[in-house]
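Colleague: Based on what follows, work out the 3D shape:
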Amino acid sequence: MAPPQHRRVRAVLVLLAATALAAGGCARSDAGNPASAKDSGKVVVACGATEEWCSAMTTRFTKETGIKAEFVRLSSGETVARLQAGKANPEFDVWHGGPADGFVAAGEQGLLDPYVSANAATIPARYKDPTGLWTGVYVGVLGFCNNTKILAEKKVAAPRSWQDLLNPGLAKDVGIAHPSTSGTAYTMLWTQTALHQGADGALDYMKRLHPNVLQYSKSGIAPAQQAARGEVGVGVIFSHDCVATQEQGFKDLSLTFPSEGTGYEVGGVALVHGAHNPSSARRYIDWTLTPAAQEIGPTVKSYQVPTNPQAKLSDKTVDLSQVKLVDYDVAAAGRAKKDLTKRFDAEVAQAPKS
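Modeller: Numbering: from 1, shown residues only. Presented below is the predicted three-dimensional model:
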């Protein structure tokens, strides 16, 4: 039998070896799973709304929780591209803002992780994914942002239907964005799909509208600025963005809605797959669903409709009961996005104008 001191030494060596093996196993596991890494106490947000709204939201979150929040303002198309490019090592923890059909498309590519927040219980079912892939934080409705001065000079009435946009008097005088980069523009494209019973009918309408489009901008907010500056007579935009532009001093702007029915966005929030700061990300998502968080928008001229029924409404927010809405299937829109935007680019955007 070995002396007692030798047995003690052998026991210590065995314990050290076991500890090293366990640590090595954990290290290997964590290396393959960024989400299991230690949360650094901050959250990095890909933000799809206005710069002012993104800043106000992240600043207030930090003030109320002590968790540092950073954001990058990106359109929906840019967000999906950045999430795809960084899938192995994500640069963002949360995607916040922008139409939910973009979130559905990202989920189809494995770029988001489901998270059902306890606060999501108060959000109506039509404004959230049942698996927690995304949860709605606001609703925005498409409308026509009209420069009344420009339209008067052209002797064209402000459009009150999608058919009115086809008026030859509006040649190269309509501003819309490109649906592959802009969630706003994709909402318009899917609205036509709903109104014309499918993609073929929608693309036929967009082909007829094409001669009236000045250019397809990258950002969905840009058409409001184009209308404000008089570059176009009409911008197809979410109504809250037109109202916000009016408040910047552009008094020639008016807002109308298409009589056939208009599309709407459910602005979402979601957890990015493999987020480096998953705990902070979940706390951020929880917070965005509260009434207080959803009441921040109007303080920075973002007048979307909050999804939390307990949040107070601004008197500048559109009354959804007064606007005819199409049957907008968010999940179907998200699944169709890749193919539909590809067809739009090939069949409409790249077609020559007469």
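
Colleague: which regions of this protein lie under the pLDDT threshold?
Modeller: Along the chain, the model assigns pLDDT under 70 to residues 1-37, 353-354.

Colleague: Domain map for it?
Modeller: 4-32, 36-139+266-313, 140-264+336-349 (automatic domain parsing).

Colleague: need those in CSV with distance to residue 322 and mean neighbour count, can you?
Modeller: In this view, the C-beta of every residue, glycine as well, is placed from N, C-alpha and C. As requested, the domains of the chain are exported to CSV (distance: least, C-beta to C-beta, whole Å; neighbours: other C-beta atoms under 10 Å):
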stretch, distance to residue 322, mean neighbour count
domain 4-32, 53, 10
domain 36-139+266-313, 12, 20
domain 140-264+336-349, 9, 20
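
Colleague: OK, contacts around the nearest residue to residue 42 once chain neighbours are set aside?
Modeller: Nearest residue to residue 42, sequence neighbours excluded (C-beta to C-beta, 6 or more residues apart in numbering): residue 68, at 3.9 Å. Residue 68 makes contact with 41-43, 62 under the criterion C-beta atoms under 8 Å, 6 or more residues apart in numbering.

Colleague: one more time with 7 Å, if that's ok
Modeller: For residue 68, the contacting residues are 41-42, 62, by C-beta atoms under 7 Å, 6 or more residues apart in numbering.

Colleague: Relative to residue 43, how far out is it?
Modeller: Counting by C-beta to C-beta, to the nearest Å, the separation of residue 68 from residue 43 is 7 Å.

Colleague: So for residue 319, which of the domains of the chain sits nearest?
Modeller: Across the domains of the chain, residue 319 has its closest neighbour in domain 36-139+266-313 (8.7 Å, C-beta to C-beta).

Colleague: Check the offset of that closest one from the chain's centre.
Modeller: Taking C-alpha atoms, centre = their mean, to the nearest Å, one finds the center of domain 36-139+266-313 at 9 Å from the center of the full chain.

Colleague: what ranges do the strands span in this structure?
Modeller: Counting by DSSP state E, the chain has strands at residues 42-47, 68-73, 94-99, 112-113, 135-147, 174-177, 213-217, 234-238, 253-256, 264-272, 305-306.

Colleague: Surely residue 246 and residue 240 touch.
Modeller: No. With contact defined as C-beta atoms under 7 Å, residue 246 does not count as touching residue 240 (10.6 Å).

Colleague: Looking at the domains of the chain, spot the one closest to residue 329.
Modeller: Residue 329 lies closest, by C-beta to C-beta, to one member of the domains of the chain: domain 140-264+336-349, at 7.6 Å.

Colleague: End to end on the closest one, go ahead and measure it.
Modeller: One end of domain 140-264+336-349 sits 25 Å from the other (C-alpha to C-alpha, to the nearest Å).

Colleague: Any figure for the gap between the nearest residue to residue 39 once chain neighbours are set aside and residue 63?
Modeller: If the residues on either side of it in the chain are set aside, residue 39 comes closest to residue 279, at 4.2 Å by C-beta to C-beta, 6+ apart. According to C-beta to C-beta, residue 279 and residue 63 sit 19 Å apart.

Colleague: tell me the contacts of the residue nearest the centre of the chain?
Modeller: When C-alpha atoms, centre = their mean is applied to the chain, the residue found nearest the centroid is residue 98 (1.3 Å). Taking C-beta under 7 Å, 6+ apart, we find residue 98 in contact with 48, 76, 79, 183, 267-268.

Colleague: How about it: what's its closest non-neighbour residue?
Modeller: Among residues not flanking residue 98 along the chain, residue 48 sits closest, at 2.7 Å (C-beta to C-beta, 6+ apart).

Colleague: Kindly report the same for residue 226.
Modeller: residue 175 is the one closest to residue 226 (C-beta to C-beta, 6+ apart), at 4.1 Å.

Colleague: so who does that neighbour touch?
Modeller: Contacts here follow C-beta under 7 Å, 6+ apart; on that basis residue 175 touches 214, 217, 223, 226-227, 232, 234-236.
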